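K.L.:
Output the structure for:
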Amino acid sequence: MTKAKLFAAVAVVTMLVATASMKITHAAEGNSLAALAGTVSSQADGPMEGVLVGAKREGSTISTWVVSNAQGQYSFPRDRMQPGRYAISIRAVGYELPAATSADVHSNETRLDLPLTKITRPMKIATQMSNAELIMSAPGTPAQRNQLGGCVNCHTLQRVFFSHFDPLEMSVVAARMPRHTNNSSPMHPWFRPQEGPLPAITEPTSLGRYLSSINLSATDAFQFPLKTLPRPKGKGTQVIYTVYDLPRPYASPHDVAFDADGNAWYSDFNSQYFGKLDVKTGKVVEYSPPLRRLGQIAQGGLQIDVDKQGRVYYGNMSQLQIVRLDPKTGKMETFQLPTPESTWGDAHLTMIDPEHMDVDGHLWINIAFDNGAESGGTWHIDLAKNKWTPVKYAQGSPSARAYDVVADSQNNAWGMQMTNDKLWKTDAKTLQTTWYDFPTKGAGCRRGHMDAQDRIWCGVFNGNRLAMFDTKTLKFTEWTVPTEWTRPYDAQYDDKAYAWTAGMDNDIAVRLNVATGEFTQYLLPHETNVRHVEVQKSGALSSLWLGDQHGNTLIKIEPLAP
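P.N.:
Numbers count the residues shown, from 1 in each chain. As a prediction, this is how the structure comes out:
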């Protein structure tokens, strides 16, 4: 070896050793804007764009995440990090930190380069993949792969793909799963009320055969290539995430709403709690409504909202009650469905919209009755008189069993359902209903919000689209989101420039520039089963809040670029 080659080899080894040690250095004295910064790279790729980097201070319930840019550089703003020791995490499918990593953040900038190891074992990569990536990877017909989307209500698809059930065993499992409520989880496997035991299954079903063909029942490795989505780039890297841990490790936040003081209120989907988060300190106060229905029946709640007086409303699902809390006085009230309990069956009070109660004193709610009871559907309620009036539809009317119901500025109700390609209006004074057809057939909206112009923004869940309906001009506008299996669950406009959405599968929050049609996608810091979106409209750019229904966190997404 020549002397030049020897020196070059020594230089390369020295560089690799220095990188692998992840040595921390401090910048010179000065007014640096960064508290912690560095470069993310791998030996295989060099500097890496689109790697999410998280930092969590010891003893804190709040973590902050940023994303590396096109040069592989990441940076935590100084105003987001107090001095202390931080645990460092990353998200990049197919890569990992070679060891537990931490950084001591001081008054000057701390530098920490992050050399990642590329994972070569497909089975290990699969543990990092989103539900969408697993669905994209699975062989089968579109109809078969669509069935996988039903599994993510309660758990991730890793439970399916890494299972070892043979076709008959999987048929039994697949037959049992629909008996769980949609707010079930491995920690809370709530069952729907059922008559009689599960019928005996002696032969594999078509679904059981399909699921066992993609799991590990016959092999110790997947017999199909894994398909992953690209990492964030461009504007998708210009973002800061704040992740708040909730005090109960099994908390299941579904909806988020804000009061006038900026506190975030959240509903718990599978436990009898709702809570208030102080977004500055991370302090959480939880409230537990009284139980009305006992036994093996789903607890928890779905929608939470705040009226113009600052009172909090909670749709307490299978307890079939509205819970109202006045945070100023601490007074909690409950209002119960007046119909006989014998008609309730598997009923759950889900959606609740007090936004425009000031117009006429009435509240709109939605009740889902899976047994098809006529008393399900939308109700118009005068809480002062505890008078509940169900909305009736004329014979021959289109199916109007709403999933979500939102109120316009005149407190008229607008209904939507993900399997119904219509929106419908129920007049607050006459309770008469009018239907409006989506231009694209085959799918409807799952949930939505009314904006300041009385326009409905909603997520076309099964159509991978956003929709906006102007209730004054009666015109629809639709946008197809750029990544498959986003399945927009909900949507909201910030009343300035951007509409936001997210879904249950691909761990991506999506922002739409309404004027230009430009989409920006933000990969979330961890697997996040999103049911509801809440836009915080303050500031130069709006931010998005999400509850992680499969985890115990609330997540704030703050774009840094228009």
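K.L.:
quick one: residue 541 and residue 557 touch, right?
P.N.:
No. Counting by Cβ atoms under 8 Å, residue 541 sits too far from residue 557 to count as a contact (10.5 Å). (C-beta placed from N, C-alpha, C; glycine too.)
K.L.:
So which of those two has more stuff around it?
P.N.:
Legend: neighbour count by other Cβ atoms under 10 Å for residue 541 and residue 557, higher for residue 557 (23 against 16).
K.L.:
is the more buried one in a bridge, and if so with what?
P.N.:
Judged by DSSP bridges, the bridge partners of residue 557 are residue 241, residue 544.
K.L.:
What is the neighbour count of the closest residue to residue 427 other than its chain neighbours?
P.N.:
On the basis of Cβ to Cβ, 6 or more residues apart in numbering, the spatially nearest residue to residue 427 that is not a chain neighbour turns out to be residue 412, at 5.6 Å. The burial metric for residue 412, expressed as a neighbour count using other Cβ under 10 Å, is 21.
K.L.:
Give me the pLDDT value at residue 412.
P.N.:
The model reports residue 412 with a pLDDT of 98.
K.L.:
That one and residue 425 touch, don't they?
P.N.:
Yes. Checked against Cβ under 8 Å, the pair residue 412 and residue 425 is within contact range at 5.7 Å.
K.L.:
What's the local residue count around residue 213?
P.N.:
For residue 213, the number of neighbouring residues by other Cβ under 10 Å comes to 17.
K.L.:
show me where the protein has helices.
P.N.:
Using DSSP state H, the helices assigned to the chain run over residues 3-20, 122-128, 131-137, 142-148, 158-161, 167-176, 206-214, 357-360.
K.L.:
Of those helices, which shows the lowest average pLDDT?
P.N.:
Among those, helix 3-20 carries the lowest mean pLDDT (a mean of 38).
K.L.:
Contacts only, for the residue nearest to residue 45 when sequence neighbours are not counted.
P.N.:
Computed as Cβ to Cβ, 6+ apart, the closest residue to residue 45 that is not its neighbour in sequence is residue 118, at 7.5 Å. Residues in contact with residue 118, defined by Cβ atoms under 8 Å, 6 or more residues apart in numbering, are 42, 43, 44, 45, 94, 95.
K.L.:
Please report which of those residues has the highest neighbour count.
P.N.:
Among the contacts of residue 118, residue 95 has the most neighbours (other Cβ under 10 Å), with 21 neighbours.
K.L.:
Tell me the confidence at it?
P.N.:
98.
K.L.:
Which residues does it form beta bridges with?
P.N.:
For residue 95, the beta-bridge partners are residue 118 (DSSP bridges).
K.L.:
Residue 116 is in contact with that one, correct?
P.N.:
Yes. Checked against Cβ under 8 Å, the pair residue 95 and residue 116 is within contact range at 4.2 Å.
K.L.:
intersection of neighbour lists for the two?
P.N.:
Overlap between the neighbourhoods of residue 95 and residue 116 consists of 42, 48, 51, taking contacts as Cβ under 8 Å, 6+ apart.
K.L.:
gap between the closest residue to residue 419 other than its chain neighbours and residue 105?
P.N.:
Closest residue in space to residue 419, ignoring its immediate chain neighbours: residue 444 at 6.4 Å, by Cβ to Cβ, 6+ apart. Remark: distance between residue 444 and residue 105 (Cβ to Cβ, to the nearest Å) = 49 Å.
K.L.:
can you check residue 76 too?
P.N.:
Between residue 76 and residue 105 the distance, using Cβ to Cβ, works out to 8 Å.
K.L.:
Please apply the same query to residue 202.
P.N.:
In terms of Cβ to Cβ, residue 202 sits 62 Å off from residue 105.
K.L.:
Looking only at neighbour counts, state which of those two leads.
P.N.:
Neighbour totals were compared for residue 202 and residue 105, and residue 105 leads with 23 against 8 (other Cβ under 10 Å).
K.L.:
and that one, what is it in contact with?
P.N.:
Residues in contact with residue 105 (Cβ under 8 Å, 6+ apart) are 35, 36, 55, 57, 81, 82, 83, 84, 85, 86.
K.L.:
Which pLDDT value goes with the residue nearest to the fifth one when sequence neighbours are not counted?
P.N.:
Translated: residue 81. Taking Cβ to Cβ, 6+ apart as the measure, residue 81 lies nearest to residue 35, with 3.9 Å between them; neighbours along the chain are not counted. Note on residue 35: pLDDT of 96.
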